[in-house]
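Participant: Prediction below, plus the sequence it came from.
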Amino acid sequence: MLLRRRDVLCREAVELVTDYLEGALSRRDRSRFERHLTACPHCREYLDQMRVTIALLGRVEPESLAPEVRDELVTLYRRWRA
Amino acid sequence: MDDDAELVARLQAGDEEAFVALVERFHAPMLRLAGAYVPNRAVAEEVVQDTWLGVVRGIARFEGRSSLKTWLFRILVNRARTTGVRERREPPVDPSREPAVSPERFAASGGWARPPAPWADAVDDRIAARQSVTHVVKHLSELPDGQRHVVLMRDVEGLSAREVCDVLGISEGNQRVLLHRGRSRLRGTLEDEMGRG
């Protein structure tokens, strides 16, 4: 996303968060975004909340594999290979 | 990748232990991903079993051009799409604007009118964090299809952007749009929850 030369507005900053975290902003846009963050505690909080959201998603555990499911797949495996 | 290469060689040689290792690592994540495509648990289990059959039949032709995980997930998504009643291909990214934050929260100047209230401390608390994970899982399941698939693969399963593009056959730009919308919505639901607490 190309930003015009003026400062980034909060309304625009919230749309840049993912590109920022993904390293997808140009160097110029990145420094503008970071300059905005330095000046704006609300957008810093917002970025922090996005990071917390991502961290929570990373803590979702898959259910554990039931032994009978594993055994069934092993039985199938032997049949498929036969 | 080296781990992959060794595991693939053993699978190609018909090593049953290697198959079990693969099942232990990927069965549950695959079940979760299948669940994002098909209407119920029973169908998701069928899709995953069908995927394992595809893996056993197809491993001889696996050339390591993608990671083993990407290859597995691609087989899974293809099976799920042909089985699922919800969609047959990835829905196109809706180009209409979906703001990350409701426009009402900003003043005419573009600055915050109602800024986000801090909640990092509440989430750091262990019990609150566990509740928040439960909450985020519930709302993840309610995201629109494309957003749900991308957020699940990126943030829950830990695939890279490149891998998600490979699995879903979408561009990097669309991947980022879906990721952004999905994450933004989830942050919003968490904010609502924090506000109630």
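Facilitator: Received the coordinates, thanks.
Participant: B:G188: what's it in contact with?
Facilitator: Applying CB atoms under 8 Å, 6 or more residues apart in numbering or on different chains, we find B:G188 in contact with B:101-102. For every residue, glycine as well, the C-beta is placed using N, CA and C.
Participant: my hunch is that it is in a helix, does that hold up?
Facilitator: Yes. Under DSSP: H, G, I helix; E, B strand; the rest coil, B:G188 sits within a helix.
Participant: Can you say which helix or strand has A:T53 in it?
Facilitator: helix A:41-57 (DSSP states H and E).
Participant: Can you dump the C-alpha atoms of that helix in CSV for me?
Facilitator: The C-alpha trace of helix A:41-57 is given here as CSV (Å, rounded to 0.1, in the frame of the first residue of the first chain):
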residue,chain,number,x,y,z
PRO,A,41,0.0,5.4,22.1
HIS,A,42,-3.5,4.2,20.9
CYS,A,43,-2.1,2.7,17.7
ARG,A,44,0.8,1.2,19.8
GLU,A,45,-1.9,-0.4,21.9
TYR,A,46,-3.8,-1.5,18.8
LEU,A,47,-0.7,-3.2,17.4
ASP,A,48,-0.1,-4.8,20.7
GLN,A,49,-3.6,-6.2,20.7
MET,A,50,-3.1,-7.7,17.2
ARG,A,51,0.1,-9.4,18.5
VAL,A,52,-1.8,-10.8,21.5
THR,A,53,-4.5,-12.1,19.2
ILE,A,54,-1.9,-13.8,17.1
ALA,A,55,-0.2,-15.2,20.2
LEU,A,56,-3.5,-16.6,21.5
LEU,A,57,-4.2,-18.3,18.1
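Participant: list the buried ones in it?
Facilitator: A:42-47, A:49-50, A:52-54, A:56-57 (16 or more other CB atoms under 10 Å in any protein chain shown).
Participant: Same list, those residues, but as CSV with distance to A:Y77 and pLDDT please.
Facilitator: Shown next, in CSV, are the buried residues of helix A:41-57 (distance: CB to CB, whole Å; pLDDT from 0 to 100):
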residue, distance to A:Y77, pLDDT
A:H42, 55, 97
A:C43, 53, 97
A:R44, 52, 96
A:E45, 51, 95
A:Y46, 49, 96
A:L47, 47, 97
A:Q49, 45, 93
A:M50, 42, 96
A:V52, 41, 91
A:T53, 39, 94
A:I54, 36, 96
A:L56, 36, 92
A:L57, 32, 94
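Participant: could you pick out which of those are near chain B?
Facilitator: When contact is defined as CB under 8 Å from any CB of the partner chain, these meet chain B at A:42-43, A:45-46, A:49-50, A:52-54, A:56-57.
Participant: Relative to B:H27, how far out is B:V137?
Facilitator: 19 Å (CB to CB, to the nearest Å).
Participant: For stretch B:152-171, buried residues please.
Facilitator: Buried, per 16+ other CB under 10 Å, within stretch B:152-171: B:152-157, B:159, B:161, B:163-168, B:170.
Participant: same question, stretch B:129-145
Facilitator: B:129, B:132-133, B:135-137, B:139-140, B:143.
Participant: quick one: which of these is nearest to A:L65?
Facilitator: B:V137 (18.8 Å; CB to CB).
Participant: For the closest one, give me its contacts.
Facilitator: Neighbours of B:V137 in contact, by CB under 8 Å, 6+ apart: A:V60.
Participant: quick one: least confident helix or strand in the chain?
Facilitator: Picked chain A for this. In chain A, no helix or strand scores lower on mean pLDDT, DSSP states H and E than helix A:67-81, which sits at a mean of 92.
Participant: Correction: the question concerned chain B.
Facilitator: Going by mean pLDDT, DSSP H and E, chain B bottoms out at helix B:120-124, a mean of 61.
Participant: who touches residue 11 in this structure?
Facilitator: Unless you meant another one, I'm taking chain A. B:101, B:103, B:106, B:110-111 are the contacts of A:R11 under CB under 8 Å, 6+ apart.
Participant: meant chain B actually
Facilitator: Contacts for B:L11 (CB under 8 Å, 6+ apart) come out as B:18-19, B:22, B:55, B:59.
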